[in-house]
Every structure is written in structure tokens, then in C-alpha cells.
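> Coordinates for the following, if possible.
(4 chains)
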There are 2 protein chains.
Amino acid sequence: MNFDLRDLEVFYWVAQLQNFRRAAERLNTTQPGISQRISNLEAELGVKLIERGARSSVLTPKGRQLLDYAERILGLVADITRSVAHPAGLSGVVRLGVAETIVHTWLSELIEQVHATYPNVTLDIEVDVSPNLRNALIEGQIDLAFLLGPVSDPRMVNLDLCRYPLAFVAGAKLDLGPEPISLTQLTAQPIITYPKTTRPYIMLRQVLAGAGRAMPRIYSNSSLSTIVRMTLDGIGVSVIPPTVIAKELERGELRVLATDIQLPDLVFTATHAHAPGGVLVEQIAQMAEAIAAGESGAQYARMNV
Amino acid sequence: MNFDLRDLEVFYWVAQLQNFRRAAERLNTTQPGISQRISNLEAELGVKLIERGARSSVLTPKGRQLLDYAERILGLVADITRSVAHPAGLSGVVRLGVAETIVHTWLSELIEQVHATYPNVTLDIEVDVSPNLRNALIEGQIDLAFLLGPVSDPRMVNLDLCRYPLAFVAGAKLDLGPEPISLTQLTAQPIITYPKTTRPYIMLRQVLAGAGRAMPRIYSNSSLSTIVRMTLDGIGVSVIPPTVIAKELERGELRVLATDIQLPDLVFTATHAHAPGGVLVEQIAQMAEAIAAGESGAQYARMNV
DNA sequence: AGAGGTTACGGGCAGCGTAAGGATC
DNA sequence: GATCCTTACGCTGCCCGTAACCTCT
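Numbers count the residues shown, from 1 in each chain, chains lettered A, B, ... in the order given. Predicted coordinates:
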């Protein structure tokens, strides 16, 4: 009998994702590697564990039986890394997907704290819009994401991070008339905000459409920095969380427009798959939760000035 | 985090035996190998697990914590080999210690059955007297032994195998006078039996001494075959279980002497360490139990003729 | 033709056994 | 000096990644 924990881990993920290729992505390896591991496991146990189908692979009865054991064993191994292993000894790569908003708030703080706590851990950071991050999570291409809203997939774990109000922001020089600014005044300008696939865009569109008038031009842009740049250049009014432009507000380069328009807040979550062995991921998610809670309070305080 | 099941197994045995060298023997490997495994485990967890002492090595608190997990994990792995693995796929080496009496009764039958059931399993068989087998078991040099009497060590598991009566046996030509033979008649002859360290020898000595007369000459011999040979040659009367000389009895070359002397039966057990992962050992012990039960009945039947 | 999995092959590295080197009694 | 463990070193064998192949739809 010669199988190891890696075999069980591979088997677990193939079972979960019902697909060799996705398991390979999830485990940062190649598909033939997965094939070999599974073959080895089946040979060692002398039993067929996985029924390879044309579109997806599914467990045999023996495979289901093994899955139960594999989950328990991997869970115990995770317990070991939690309770007996020294934190500084943890190592590995965590693939992190981040919505750009987070990049402009507390991401760097998290990165520093992770590297301080786990010197041997590498973060692979990928910045993208939340819908893409959501897909990447489900496909197993990233381990953890900080994105908009909970991901309602049974296998995903969501931790609430922070809640940022949206606001209409304009360049200091742009004159829109007396405040509070009405919808009509606003929509004379192009509105600059997040891409079409994202929740802020959809929410904004609903709010503007709800008023029953002609749709204003909406410039969507997947780069938050660029949105800020365009707003600074007076190209239009942007809809973003003021949190990300604290500096520009302080310097008086940008201002938050007083309006009566209610926009729902942006709610960010840390989301990851429920995975045995994902101790690191859980820890980092919890660190993010703590940092975001602290930052969020600070940001609110600043905004209330 | 990069440790495997082998690391945990090595750790488990070092913890049990409190000694690297003995763990190496138990695991059929070399002592530096054990050293390396433990070092690796400690490095991976970033924690000292074992306090190396001059005479024995003992677990640190973290080590005790890990031992708990290791036992559970290895137990689950054993469950896998029990319930999901195909028996024919089991492989490995089982080091078997056998008292010679067993060699002359049902050992070959067991060997055949083991090889039929587990084609990939190798048996390392060592024939020795029970006291030596007992030590080898405790030292972890053998995995399983068929020997005299239970081994009363907390970590050992004993299964009753068979019970063979002892008898005085003489060559067909040796004339000792009218039967039943008295002690006095018997002790005129040299008595040939098992070595001094063994239970039959001690029991015999007590019985003969109990009679309060001068001790007869006792030839002790660690080879049962040789005892039979000497008895056939008329050198003396031997004290052995008639079971092992079925053929000689049938051919009339040897005979069992009728006496009033009560000798306690030889009780054999299959004994092995309680070890997680020792699925093979448990299975073989159970096979021995079944075979011995069958054989034992047959032998009794034959003797009652 | 494209997605899913297997087979083939070469390079790198981990783990083993041998042998020599402390440490502790 | 005896016991116990660590360190050093060469070697083998495994495992990984690349690439080509097979097989369904």
C-alpha cells in the first residue's frame, strides 16, 4: 500500500470538480499529473475509483467510500497545521483574486501582514472585476477572492469584509449648478463607472432608468485608477466609493456631490471554497476580515468629517 | 506543508518505541532514514516534536499532540485498506516469528493460504523458541509471532490458536516395562525436550521435581526435528506434543507412553503489536486462528483413536 | 474540431543505504 | 567505549512537466 496525502488530495479535488483538468488547475499542476495520481491510487487499492465520462468524471461506489475517508484524513492534516504547526513554518502559494476597489483601500496592508505572519507564503494576486473573480473561484483557478457580494454557491464560504457607500464624484472645477444636484443635472454629464458586467453598473442603471428619462452616456471602465483619472480630467461624473479617493478629496481635486439619489452600498466579501487543507486560505481570509473591519471604521470616520 | 503518511508512520513508531534505532528495525529501514524523516517533520511543522535523550527519546508536548492526530490518520488509512482496497492488491513484507512446533503442524497451510489471498505479500519467516520470539516482538523486530502462551504486554494483541497436549514419547523398540509407566521408570531414561528457557522445559522440571526425587538427565534441544530424531534413535524419552509426530505414530516408529503424570497443555497464541496500519498482520493472524482451530480439531480426533 | 484523458519521455530532486562524525553517559 | 543520533554522500527511482496520441461527441 503506497499512496500518500497528495494522492488523497488530488482524488478529493477530482471528486469535487468532477473533472481532471479543473482539478489540475485547482492544484497548480498539470492534467497528466492528476491522471497519474489517480491511476496510482486505483492501482494501489486495486479498485476503480472514478468513472471517466465524456463530459465529466464521476465517482464509483468505492470512490464515494474513499471520498469519505479522504475528507476525514485531509481534515485531520489541516487540524495539524492549525494546532501543532508553527505559523511561520507554513508555506505555499495562495492565488488571490481582488476587486480593484480593494487594491485602493487595504490590500497592501493585508499583503504586509501576510508576509509578516507567513514569511514562506507566496501570494499570486490577480486583479479583475467581481464577476470574473466569481467564475475563477468556481473553476478552482483562484483560492480566495475579495469581491462584491457573497457568492451563493454551496461550496463557497463567504466572510463579510466591508461596506463602502457609492457616491457621485466630480472634478473640483466641474460646475454642475446648485446642490443638491438633481438627476437631470447629473445626467447632462457622462457617467463614468465600473464595467457593464458588474453590480455597481447594473445598480446605477436601474436607479437612472427608474427615473424614467433618457439614459445618459455611461462610460464603463475596468480600471478604477483610470476612472479616477478621467474624473480628474473633467470628462464626467464618476460613481465610485469615495473611500478610494481619500487623497484626492483631501487635496480638493475631487469632491463628492450632494444628491438625493440613493445608491446601494458596495458590500465586499472574502470568498473561498470550503476545502480541507485550505488552512492558509482560511487564515488569510480571517486576516482580511480583521483588517477590513478596522479600515472600514477609519474610513467611515474620515468620511463623516 | 509537505509531509506524508510515511512521516507520520515513522513518527508514530518512534513515539511508541521511544527510540530511533528500534523504530528503524520495526519499519524495516535504517536509523538515519528515521532521523531524516523526523527532522523533516519537525522542519515542516516548525516545531520540535521529540526530545532526544541519552537513553531514550520522548515526545515534547507538541509531539504528544501530533501523536494523537497521527494515530487517527493512520487508523483511517488502515480502514481504507480494509474496506475499499481489494485484498489481492495488498502488498508488503510481514516478518513472522514461529515456534517450531507450529512448523510441524499447520504453518505450511497458512503460508499457502496467505499467498493465495495476498499474492503480493512476502512472508519473512523466522523459527525460534518462544522466549526469543517474545523479545523480538517487543523490540519490534518481527511483526507477528505464533508462540507459546499470551505475551502480557499492554501493547500486544493475543489470539488463541491451539492447545496441544504434551506427552512422553518413546521409540517403538525402547522397553520401559509395564504400562502405565511410573515416574521412576521414566527417569531411568534421559528426557529429551525443548530448551531450558522455554515453558515446556520449566513445566517439566517442576513436575519431575515435585515428585521429590533426583533430577533425571534432561537433554534440551532447540530443534524439534532433532528431538524426534534422537527419540527415534532410542537415546531417551522425549516430552513433546504427539501432534507433531503424527506420521511416526502411524508408522509405529514412535509411541505415546501411558503414564499417570499430568503435564499441562501447550497453548499457542498469535501475537502482534497493536499497530495502526497493521492491517495485513491482523488479517494473517486471523487466518492463522481459523486454520489452527480446524487443524486442532482434526488432531484431537486423530489422537482419540 | 474540440474537450477530456492517457501514454511517452527526459530532467530534477527526494529519499534510501552506507559510512563517518559528534554527544552523552 | 557503548549507545544513540546526526551529517555527508552517492545512487536509485519517482514525480513532474512537455508533448504527442487516443477517444468520444
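
> OK, contacts around A:Gly234?
The contact partners of A:Gly234, by CB atoms under 8 Å, 6 or more residues apart in numbering or on different chains, come to A:Gly171, A:Lys173, A:Leu174. C-beta here means a position set from N, CA and C on the backbone, and glycine is covered the same way.

> got a pLDDT number for the second one?
If I follow you right, that is A:Lys173. pLDDT, A:Lys173: 84.

> which residues sit in contact with it?
Contacts of A:Lys173 (CB under 8 Å, 6+ apart): A:Gly234.

> quick check, it in a helix?
No: assessed with DSSP: H, G, I helix; E, B strand; the rest coil, A:Lys173 is coil; it does not lie in a helix.

> Roughly how far does it sit from DNA strand C?
50 Å (CB to the nearest atom of the strand, to the nearest Å).

> State the distance from that residue to chain B.
56 Å (CB to the nearest CB, to the nearest Å).

> can you check A:Gly53 too?
From A:Gly53 to chain B the distance is 21 Å (CB to the nearest CB).

> okay, now that residue: neighbour count?
A:Gly53: 10 surrounding residues under other CB atoms under 10 Å in any protein chain shown.

> Likewise for the one 5 residues further on?
Counted with other CB under 10 Å, the burial measure for A:Val58 works out to 12 neighbours.

> Touching, it and A:Leu49? I think so.
No: under the contact definition of CB atoms under 8 Å, A:Val58 does not touch A:Leu49, with a separation of 10.5 Å.

> how much space between A:Asn135 and chain B?
In this structure, A:Asn135 and chain B are 28 Å apart, going by CB to the nearest CB.

> Just the element for that residue, please.
Assessed by DSSP states H and E, A:Asn135 sits inside helix A:130-139.

> Counting by contacts, list what that helix packs against.
Secondary-structure packing of helix A:130-139 (3 or more CB pairs under 8 Å, 6 or more residues apart in numbering or on different chains; DSSP states H and E): strand A:91-98, strand A:144-148, strand A:266-273.

> Would it be right to say that A:Cys162 lies in a strand?
Yes: according to three-state DSSP, the state of A:Cys162 is that of a strand.

> was I right about it contacting A:Ala292?
Yes: counting by CB under 8 Å, A:Cys162 touches A:Ala292, with 4.2 Å between them.

> which stretches of the stretch 151-300 of chain A have low pLDDT?
Applying pLDDT under 70 to the stretch 151-300 of chain A picks out residues A:210-214, A:295-300.

> in it, which spans are helices?
In the stretch 151-300 of chain A, the segments counted as helices under DSSP state H, counting those that start in this stretch are A:183-187, A:199-210, A:224-232, A:246-250, A:279-303.

> Now do the contacts for A:Thr198.
A:Val129, A:Ser130, A:Pro131, A:Leu148.

> What is the neighbour count of the last one?
For A:Leu148, the number of neighbouring residues by other CB under 10 Å comes to 24.

> where does whatever residue of the stretch 101-250 of chain A ends up closest to chain B sit relative to A:Val84, distance-wise?
Ranked by CB to the nearest CB, the top residue of the stretch 101-250 of chain A for proximity to chain B is A:Asn120, at 9.5 Å. Computed with CB to CB, to the nearest Å, the distance linking A:Asn120 and A:Val84 is 17 Å.

> Between the two, which is the more surrounded one?
Neighbour comparison, A:Asn120 and A:Val84: the larger count goes to A:Val84, with 20 against 11 (by other CB under 10 Å).

> wait, doesn't the more buried one sit right on B:Gly46?
No: between A:Val84 and B:Gly46 there is no contact under CB under 8 Å: 9.4 Å.

> correct me, but A:Val279 touches A:Ser91?
No: using CB under 8 Å, A:Val279 is not in contact with A:Ser91, being 11.6 Å away.

> More neighbours: which of those two?
More crowded of A:Val279 and A:Ser91, by other CB under 10 Å: A:Val279, with 20 against 15.

> dump the residue contacts of that one.
A:Ala78, A:Thr81, A:Arg82, A:Leu90.

> now swap in A:Phe20 and tell me
Contacts of A:Phe20 (CB under 8 Å, 6+ apart): A:Val14, A:Gln31, A:Ile34, A:Ser35, A:Ile38, A:Ser57.

> quick one, what contacts A:Ala15?
A:Ile50, A:Leu59, A:Gly63, A:Leu67, A:Ala70.

> The same query, at a cut-off of 6 Å, please.
For A:Ala15, the contact set (CB atoms under 6 Å, 6 or more residues apart in numbering or on different chains) comprises A:Leu59, A:Leu67.

> Repeat that for the one 3 residues further on.
Contact criterion CB under 6 Å, 6+ apart gives A:Ser56, A:Ser57 as the residues in contact with A:Gln18.

> pLDDT value on it, please?
pLDDT, read off for A:Gln18, is 89.

> And for A:Met1?
70.

> ditto for the one 10 residues further on
Confidence at A:Phe11, expressed as pLDDT, is 94.

> ok, back up a step: I'd say the residue of the stretch 101-250 of chain A closest to chain B and A:Ser91 touch.
Yes: counting by CB atoms under 6 Å, A:Asn120 touches A:Ser91, with 3.6 Å between them.
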